[in-house]
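In: this is the structure alone, sequence omitted:
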Ligand code: NAI
């Protein structure tokens, strides 16, 4: 990615260890991305139970790759050893980069960033994986707004290559260069975007949700819409993608934007969040494998 006006002599800050706050859908995938590319990483969760769940999901993911023959035992052991977990936010003191991936709630994020700022060493970049919140508002909770950026990964974060680096009003070139350098090291394709509604990926595909609802009302089934788009060339249809990411996430985005998707909203109201609750547009078994239609 090219950044307008960035001086050629801007150097990224060295990142030898990352800390990821939150071990949910995104935190787990982000942590795996670091371990996959040889960078030690610590996952921080609120409770031992949530932490164990987060780490187990990473292990199960690697084990699937191992079984498929795409990962050797030795490489799995290496990756697993690079991933540690903690319920103590104090480990942030050891980080060269912190990536926050907790609930999409501005008050929660501000509270966490104030804590991260107090614990992280001076000069350490603090990044948020937020999909919709204002990076400047998050940065305002710290005394280092120049070191706060967005690093917006896509689900599943250990697989999806796109990384949107969000440049806040105060973000320094050095902070942007650090996020770009890390993105490159963990195999992502970086794009740098302004602090704006939806960034690129979600903003451009957001309209898809509206058309999906119309198509359903006009007589198509979710599986047919997905099959059409997958045959057309999309890696995964909109319903399967929604179930993977969590339909509650889409609902939160709509709430923030003041838009509506009555069918998807009804699924969420019925507790059908997608793979994580065993049903969404589709039904899943306990291993999150889709059941036949
Ligand atoms: P999630 O609900 O799966 O995970 C959030 C995790 O954060 C939970 O496990 C929770 O226990 C933990 N957490 C909350 N407060 C914490 C604290 N103080 N310390 C440590 N851990 C804490 O949510 P998900 O989907 O992973 O989303 C996280 C962030 O990533 C949100 O900002 C969301 O907007 C963003 N995002 C989500 C995407 C998706 O497809 N799900 C895609 C890109 C970004």
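Out: All right, it came through fine. These numbers come from a predicted model, not from an experiment. Numbers count the residues shown, from 1 in each chain.

In: report the secondary structure element holding the nearest residue to residue 96 once chain neighbours are set aside.
Out: Distance criterion Cβ to Cβ, 6 or more residues apart in numbering; nearest residue to residue 96, sequence neighbours excluded, is residue 15 at 4.3 Å. C-beta: built from backbone N, CA, C; applies to glycine. Using DSSP states H and E, residue 15 sits within no helix or strand.

In: give me the phi and psi angles of residue 15.
Out: phi -120, psi 110 (degrees, to the nearest 10).

In: next, the buried residues of stretch 172-186.
Out: When neighbours are counted by 16 or more other Cβ atoms under 10 Å, the buried residues of stretch 172-186 are found to be 172-183, 186.

In: show residues contacting it.
Out: 1, 3, 6-7, 10-13, 15, 18, 33-34, 36-37, 39, 97, 125, 127, 146-149, 151, 163, 165, 167, 189-190, 192 (Cβ atoms under 8 Å, 6 or more residues apart in numbering).

In: so what's the closest residue to residue 278 other than its chain neighbours up against?
Out: With sequence-adjacent residues excluded and distances taken as Cβ to Cβ, 6+ apart, residue 278 is closest to residue 284, at 5.1 Å. Residue 284 makes contact with 243, 275, 278, 290, 291, according to Cβ under 8 Å, 6+ apart.

In: now, which of the residues you listed sits nearest residue 116?
Out: residue 275 (29.5 Å; Cβ to Cβ).

In: is the lowest-mean-pLDDT helix or strand in the chain positioned near the ligand?
Out: Between all helices and strands in the chain, the lowest mean by mean pLDDT, DSSP states H and E belongs to helix 247-257, at a mean of 86. Yes - counting by Cβ under 6 Å from any ligand atom, the ligand has neighbours in helix 247-257: residue 249.

In: packing partners of that helix?
Out: helix 201-217, helix 262-269 (3 or more Cβ pairs under 8 Å, 6 or more residues apart in numbering; DSSP states H and E).

In: if we go to 7 Å?
Out: When contacts are defined as 3 or more Cβ pairs under 7 Å, 6 or more residues apart in numbering; DSSP states H and E, helix 247-257 packs onto helix 262-269.

In: which helices and strands does the helix it packs on pack with?
Out: Against helix 262-269 (3+ Cβ pairs under 7 Å, 6+ apart) you get helix 201-217, helix 247-257.

In: that helix vs the ligand: in contact?
Out: No - Helix 262-269 lies out of reach of the ligand by Cβ under 6 Å from any ligand atom, never closer than 13.5 Å.

In: same question for stretch 131-151.
Out: Yes - contact of stretch 131-151 with the ligand (Cβ under 6 Å from any ligand atom) involves residue 131.

In: how long is that stretch end to end?
Out: 9 Å (Cα to Cα, to the nearest Å).

In: buried set for it?
Out: 131-135, 138-142, 144-151.

In: sitting in helices, which of these do you find?
Out: 135, 138, 139 (DSSP state H).

In: just give me the closest of those residues to residue 27.
Out: Distances from residue 27 to these, taken by Cβ to Cβ, are shortest for residue 138, at 16.4 Å.

In: could you check the distance from that closest one over to the ligand?
Out: 10 Å (Cβ to the nearest ligand atom, to the nearest Å).

In: part of a helix, is residue 184?
Out: Yes - read with DSSP: H, G, I helix; E, B strand; the rest coil, residue 184 is one of the residues of a helix.

In: quick revisit: so which of the contacts of stretch 172-186 sit within helices?
Out: 33, 34, 36.

In: residues near the residue nearest to the second one when sequence neighbours are not counted, how many?
Out: Think residue 34. Leaving aside its sequence neighbours, residue 34 sits nearest to residue 41 (Cβ to Cβ, 6+ apart; 3.8 Å). Neighbours of residue 41 under the rule other Cβ atoms under 10 Å: 24.

In: care to break this protein down by domain?
Out: Domain ranges of the chain: 18-194, 207-277, per automatic domain parsing.

In: isn't residue 202 right next to residue 131, touching?
Out: Yes - counting by Cβ atoms under 7 Å, residue 131 is a contact partner of residue 202 at 6.2 Å.

In: and the helix or strand containing residue 174, how far out from the chain's middle?
Out: Using DSSP H and E, residue 174 maps to helix 173-185. Offset of helix 173-185 from its chain centre (Cα atoms, centre = their mean, to the nearest Å): 17 Å.
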